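Asker: Sequence and computational prediction follow.
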Amino acid sequence: MFLHNLTDQTNEAKFPIALFDSGVGGLSVLKELGKNLPNENVLYFADTLRIPYGSRKPEEIVRFNKEILQFLTSLGTKMVIMACGTSSAIAYPIVKDLYKIPIISLIEPGAKFAVAVTKNKKVGLIATSATVNSGAYERAIKKIDKDVKIFSNACPLFVPLIEGGFIETEETKNVAKEYLLPLIKEGIDTLILGCTHYPHLIKVLREITGVKVKFVNPAEEAVLQAKNILADKKILNPQKSNLSNYQFFVSGSKNKFYEIGSKFANLDPKNIKKVRILKSGKIEIED
């Protein structure tokens, strides 16, 4: 494993970018990272022990985020991308200035792109209950264009279905119709996938919306923002990375994360490590 001393700036370009999510959702962000920043080393934290985040109280989500950020920054990261829509909506405003490294949210990049692509100014949002109730996307969009109308729908069953491996089952398709049809009836021409798990359902969602609705995956824009920041700071990694430089930390079952995650990413079980979360909130590597 690559551990770094953040006081040593000579190798900062080689420091990893850290991502975290409640489960396999953030692998959709990792996919974008691999396409746009293929040279980077990566740390990925999956808090599967405490999934789902979307139904939890805001104070719990903030506490979990602080614990994870403390762990990831202690390993010597040069940037953290919140690969979790719920964390971006709830915790980002509170934790974004607590650390010396850049922390990237999904909300602002996603909102900006949605405003840019909508033609009729009717934007749909599907996300967790916590994200929808936070109003984070609405505020971000209205800040850019007050004339855009946002139609939101919480989708609490999507994350459990995806984490259970039920990607293209009839049950998942029926649930998706229930969530999407009210938004389609409103005449939306743009749909924000407000949870990083949802791109894993892209085929199912597209069958329901048809090709006329533009999908906005905030991960794509967030990774481009990350790339620009690293370039400005002159800490892009010039050396080609590989799968062995992707390290995964899981608070729940390693085997289950590998089983489900392998559907969405090229995972090496040797690079998945179990962590334990102490009562104090400190996170320790078990193996």
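Answerer: Structure's in. What do you need? Numbering: from 1, shown residues only.
Asker: any idea how this structure splits into domains?
Answerer: 9-105+221-285, 107-218 (automatic domain parsing).
Asker: The ones you listed into JSON lines, with extra columns for mean neighbour count and mean pLDDT?
Answerer: For the C-beta atoms, the positions are set from N, CA and C on the backbone; glycine is no exception. Listed next are the domains of the chain as JSON lines, based on neighbours: other Cβ atoms under 10 Å; pLDDT from 0 to 100:
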{"stretch": "domain 9-105+221-285", "mean neighbour count": "19", "mean pLDDT": "94"}
{"stretch": "domain 107-218", "mean neighbour count": "19", "mean pLDDT": "97"}
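Asker: give the contact list for the spatially closest residue to T190 that is not a sequence neighbour.
Answerer: When the adjacent residues along the chain are set aside, T190 lies closest to T118, with 4.2 Å between them (Cβ to Cβ, 6 or more residues apart in numbering). Contacts of T118 were listed using Cβ atoms under 8 Å, 6 or more residues apart in numbering, and they are V148, D189, T190, K214.
Asker: ok, now how distant is K254 from T131?
Answerer: 28 Å (Cβ to Cβ, to the nearest Å).
Asker: for K274, same thing?
Answerer: For K274 relative to T131 (Cβ to Cβ), the value is 28 Å.
Asker: just checking, K78 touches P16?
Answerer: Yes: K78 lies in contact with P16 (Cβ atoms under 8 Å); the separation is 7.2 Å.
Asker: K66 against G281, yeah?
Answerer: Yes: between K66 and G281 there is a contact at 7.4 Å, judged by Cβ under 8 Å.
Asker: Strands of the stretch 51-200 of the chain, start to end?
Answerer: Here the stretch 51-200 of the chain has its strands, by DSSP state E, counting those that start in this stretch, at 79-82, 103-104, 122-127, 149-154, 190-193.
Asker: Could you check those and tell me which one is nearest K263?
Answerer: Nearest to K263, of all these, is strand 190-193, at 17.4 Å by Cβ to Cβ.
Asker: which residues sit against the closest one?
Answerer: By Cβ under 8 Å, 6+ apart, strand 190-193 touches 110-111, 114, 117-118, 122-127, 137, 180, 183, 199, 202, 205, 209, 213-218.
Asker: again, 6 Å this time
Answerer: For strand 190-193, contacts defined as Cβ atoms under 6 Å, 6 or more residues apart in numbering pick out 110, 114, 117-118, 123-125, 199, 213-217.
Asker: Equivalent analysis for stretch 125-144, please.
Answerer: 54-55, 85-86, 89-90, 107-108, 111, 115, 148, 150, 152-156, 192, 194-195.
Asker: Between the contacts of strand 190-193, which sits nearest L49?
Answerer: Among the contacts of strand 190-193, P199 lies closest to L49 (Cβ to Cβ), at 23.3 Å.
Asker: tell me the contacts of that closest one?
Answerer: Contacts for P199 were tallied using Cβ under 6 Å, 6+ apart; they are S28, L193, N217.
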